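return a 3D structure for these sequence lines:
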Amino acid sequence: MPVDQLSGTFQALADPTRRALMARLTAGEASVQELAKPFKMSLPAISKHLKVLEKSGLIVRRSQAQQRLCKLQTQPIKDAVDWLEHHRKLWEDRLDRLEEYLQEIQKKGENHGREK
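Model (predicted):
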């Protein structure tokens, strides 16, 4: 069970079927039956995937007459992107510093070799 929202988001997005369901929902709200059409799996199997997405906060479901409609929620994705961007910048900065350090060592080695 996810400890936090971010873990739940990444756990839900780890499955290609759930990512495909999310991709479909970028076009707008859809019924469970509409979401299930492209997949070669049972409606209960699709429903299980949707429950994972709903539990993670990536979608919301509502009833309208006889239909269960699903809608994408963007905040968990935004939170994941923000987290990834922060860590991307952190590692780029570290790698830039490492590159500078290695260049400094290389220059010192070249200079040291010329002194002899």
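
residue 10 versus residue 97, what's the distance?
According to Cβ to Cβ, to the nearest Å, residue 97 stands 28 Å off from residue 10. From N, CA and C alone the C-beta is placed, and that goes for glycine too.

the two: which is more packed in?
Between residue 97 and residue 10, counting by other Cβ atoms under 10 Å, residue 10 is the more crowded of the two (15 against 10).

checking the more buried one next. Helix, strand or coil?
helix (DSSP: H, G, I helix; E, B strand; the rest coil).

show the pLDDT at residue 31.
With respect to pLDDT, residue 31 scores 94.

cool, residue 39 as well?
On the pLDDT scale, residue 39 gets 94.

which ones are touching it?
17, 20, 45, 46 (Cβ atoms under 8 Å, 6 or more residues apart in numbering).

in helices, which of those fall?
Applying DSSP state H to the contacts of residue 39, the entries found in helices are 17, 20, 45, 46.

quick check: the farthest pair among these?
The span of these, defined through Cβ to Cβ, is set by 20 and 45 at 13.0 Å.

related to what we said a few turns ago, of the contacts of residue 39, buried ones?
Buried by 16 or more other Cβ atoms under 10 Å: residue 46, out of these.

what's the closest of the ones in helices among the contacts of residue 39 to residue 56?
residue 17 (14.0 Å).

circling back to that earlier point, tell me the one of the contacts of residue 39 nearest residue 69?
Closest to residue 69, out of all of the contacts of residue 39 and judged by Cβ to Cβ, is residue 46, at 13.8 Å.

how close does that closest one get to residue 92?
Separation of residue 46 from residue 92 (Cβ to Cβ): 39 Å.

quick one: pLDDT of residue 116?
The model's pLDDT for residue 116 equals 50.

can you list the domain ranges for this protein.
Segmentation of the chain into domains, based on automatic domain parsing, reads 5-73, 74-116.

can you tell me which of these is most buried?
Of all the domains of the chain, domain 5-73 has the most neighbours on average by mean count of other Cβ atoms under 10 Å, namely a mean of 15.

return the distance of that one from the chain's centre.
Mean-position distance between domain 5-73 and its chain equals 15 Å (Cα atoms, centre = their mean, to the nearest Å).
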